[in-house]
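> have a look; sequence and predicted model below, questions after that.
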Amino acid sequence: MKLTSLQEIGEFGLINELKQSATRQNASTQYGIGDDAAVIEPGKKQVVISTDMLVEGVHFDLTFCPLRHLGYKAVAVNVSDIAAMNATPTQILVSLAVGGRFSVEAIKELYDGIRIACENYKVDLVGGDTTSSNSGLIINVTAVGEANPEDIVYRNTAQVNDLVCVTGDLGAAFLGLQILEREKQAFLANPEMQPELEQKEYLVQRQLRPEARMDVIHELRELGVKPTSMIDISDGLASELFHICGQSGVGAAIYQDKLPADEQVLNTAEEFRMDPLTCILNGGEDYELLFTVKLTDFDKIKNHPDITILGKIVPKEEGLNLVTPSGNAYPLKAQGWDHFQQ
């Protein structure tokens with residue numbers, strides 16, 4: 001029997017393989033593998049559940065990542081998945097695998113960040129697990145949320161002529177990581193050197209302490225807008241747009257001159273001799289929300305200061321394209337993070 005390597009099929013290929021064998025045993029399971037969170041319906045409201053694992057050396061580097069920031073980030077990235085379902089987070093569970101090099105005080109510092117995030121997002125830490133680790137620090141957070149059945153938003157429900165929207169700005173977290181990696185190398189070469197972070201604070205903050213966009217979820221509700229599809233941007237804008245379009249059976253056209261980026265992103269990309277467009281489209285870890293809305297909702301969101309309309313959903317046969325200011329259309333490429341192809 002020929003064995004298939006993880007590198008051959010990649011992370012998302014593995015997920016698709018596992019999805020095929022995940023049969024449902026209970027009527028209460030409304031939606032399983034394939035979206036930002038599972039959906040169960042034990043009562044009047046539906047419950048959404050999501051989990052994320054952060055592994056030392058893969059997702060974070062303690063050389064430059066403070067434990068308090070790491071604890072906050074571990075919660076925020078899970079709350080972001082709940083937000084992407086248009087649901088409200090209510091509880092989290094935190095499991096920890098930790099080695100002997102960590103003191104009690106260090107773990108308390110990590111949980112201080114978790115506590116601060118829980119207070120910010122109004123969620124309860126209701127349990128978890130701890131165990132020893134021989135391969136560094138591992139954090140697993142499971143987030144639980146709730147929503148009325150009619151309010152939940154999936155990835156697979158975008159429609160032709162919907163507007164494609166995004167919150168905030170893009171590319172900052174990726175470039176923040178480049179800065180931190182550069183300063184780490186400088187420190188290893190000369191431990192007496194001080195990090196050069198002047199005018200880079202925003203980018204570093206976006207990498208070390210991202211925020212879940214629950215604020216926008218609440219604001220959309222106040223505006224009377226329900227997205228027709230939604231996903232959070234963890235692996236890069238292009239990659240997430242491919243998820244929405246692939247699962248919805250549609251294409252998309254987004255406009256290059258509408259892509260939102262902070263001035264620090266543009267300047268730092270030039271400093272690192274990187275194409276800022278690549279950082280914006282494929283950087284990842286922004287944890288902004290990518291969503292679609294009906295064309296009739298345009299007037300409700302057009303003046304929102306933190307929502308950018310990028311383009312529109314088109315028929316599947318037109319593909320996924322980036323339209324330049326001159327009107328030329330180029331096929332998008334999804335180059336986001338894939339754990340099994342790095």
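Perfect, I can see it now. Numbering: from 1, shown residues only.
> so what's I116 up against?
68, 71-72 (CB atoms under 8 Å, 6 or more residues apart in numbering). Quick note: C-beta positions are derived from backbone N, CA and C, even for glycine.
> distance of it from E181?
26 Å (CB to CB, to the nearest Å).
> report how many residues lie close to N190.
7 (other CB atoms under 10 Å).
> swap in N161?
N161: 13 neighbours (other CB under 10 Å).
> now the helix or strand harbouring D52: buried residues?
Assigned by DSSP states H and E, D52 belongs to strand 46-55. Buried residues in strand 46-55, counted by 16 or more other CB atoms under 10 Å: 46-52, 54-55.
> chain center to it: distance?
With CA atoms, centre = their mean, to the nearest Å as the basis, strand 46-55 stands 12 Å off its chain's centre.
> report all helices and strands that it contacts.
strand 38-40, helix 67-83, strand 138-147 (3 or more CB pairs under 8 Å, 6 or more residues apart in numbering; DSSP states H and E).
> which strands or helices does the second one pack on?
This points to helix 67-83. Looks like helix 67-83 contacts strand 46-55, strand 88-98, helix 104-121, strand 138-147, helix 201-208, helix 214-223, strand 229-232 (3+ CB pairs under 8 Å, 6+ apart).
> next SSE downstream of the third one?
It refers to helix 104-121. Counting by DSSP H and E, what follows helix 104-121 is strand 124-132.
> which of the helices and strands packed on strand 46-55 has the lowest average pLDDT?
Mean pLDDT values for the helices and strands packed on strand 46-55 show the minimum at strand 38-40, a mean of 79.
> partners of that strand, with directions?
strand 29-31 (antiparallel), strand 46-55 (antiparallel) (DSSP bridges).
> any chance of the ones you listed in a markdown table, plus mean pLDDT?
What follows is those, written out as a markdown table (pLDDT from 0 to 100):
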| stretch | mean pLDDT |
| --- | --- |
| strand 29-31 | 78 |
| strand 46-55 | 94 |
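> looking at those, which is closest to I82?
I82 lies closest to strand 46-55 among the strands paired with strand 38-40, at 5.9 Å (CB to CB).
> could you dump the closest one to PDB, C-alpha only?
In PDB, the C-alpha atoms belonging to strand 46-55 read as follows (Å, rounded to 0.1, in the frame of the first residue of the first chain):
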ATOM      1  CA  GLN A  46     -27.600  27.400  18.000                       C
ATOM      2  CA  VAL A  47     -24.100  26.800  19.500                       C
ATOM      3  CA  VAL A  48     -21.000  27.400  17.500                       C
ATOM      4  CA  ILE A  49     -17.700  25.800  18.500                       C
ATOM      5  CA  SER A  50     -14.200  26.400  17.200                       C
ATOM      6  CA  THR A  51     -10.700  25.300  18.200                       C
ATOM      7  CA  ASP A  52      -7.200  26.500  17.400                       C
ATOM      8  CA  MET A  53      -3.700  25.200  18.400                       C
ATOM      9  CA  LEU A  54      -0.700  27.400  18.800                       C
ATOM     10  CA  VAL A  55       2.600  25.600  18.800                       C
END
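> rewinding a little: got a markdown table for the strands paired with strand 38-40, with distance to P227 too?
Formatted as a markdown table, the strands paired with strand 38-40 follow (distance: least, CB to CB, whole Å):
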| stretch | distance to P227 |
| --- | --- |
| strand 29-31 | 16 |
| strand 46-55 | 15 |
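> now do the contacts for the spatially most central residue of the chain.
Nearest to the geometric centre of the chain sits S234, at 2.7 Å (CA atoms, centre = their mean). Listed by CB under 8 Å, 6+ apart, the contact partners of S234 are 77, 80, 240, 284-287, 337.
> of those, closest to D112?
V77 (17.5 Å).
> please report how far that closest one lies from I233.
Distance, V77 to I233, by CB to CB: 11 Å.
> what is in contact with the two at once?
Counting by CB under 8 Å, 6+ apart, the residues touching both V77 and I233 are Y287.
> neighbour count: the two, which is higher?
The neighbour comparison of V77 against I233 (other CB under 10 Å) goes to I233, with 27 against 22.
> how is this protein partitioned into domains?
Following automatic domain parsing, one gets these domains for the chain: 36-151, 163-341.
> got those domains as a markdown table, with distance to Q20 columns?
Below are the domains of the chain laid out as a markdown table (distance: least, CB to CB, whole Å):
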| stretch | distance to Q20 |
| --- | --- |
| domain 36-151 | 16 |
| domain 163-341 | 15 |
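> compare those domains and give me the one nearest T4.
domain 163-341 (11.1 Å).
> pLDDT averaged over that closest one - what is it?
Here the average pLDDT along domain 163-341 is 94.
> can you get me the start-to-end distance on stretch 270-280?
13 Å (CA to CA, to the nearest Å).
> need the contact partners of that stretch.
170-171, 174-175, 178, 237, 256, 259, 261, 265-266, 269, 335.
> narrow those residues to those in helices?
The helices, defined by DSSP state H, take in 174-175, 178, 237, 265-266, 269 from the contacts of stretch 270-280.
> which among these count as buried?
Here, 16+ other CB under 10 Å leaves 174-175, 178, 237, 265, 269 buried among the ones in helices among the contacts of stretch 270-280.
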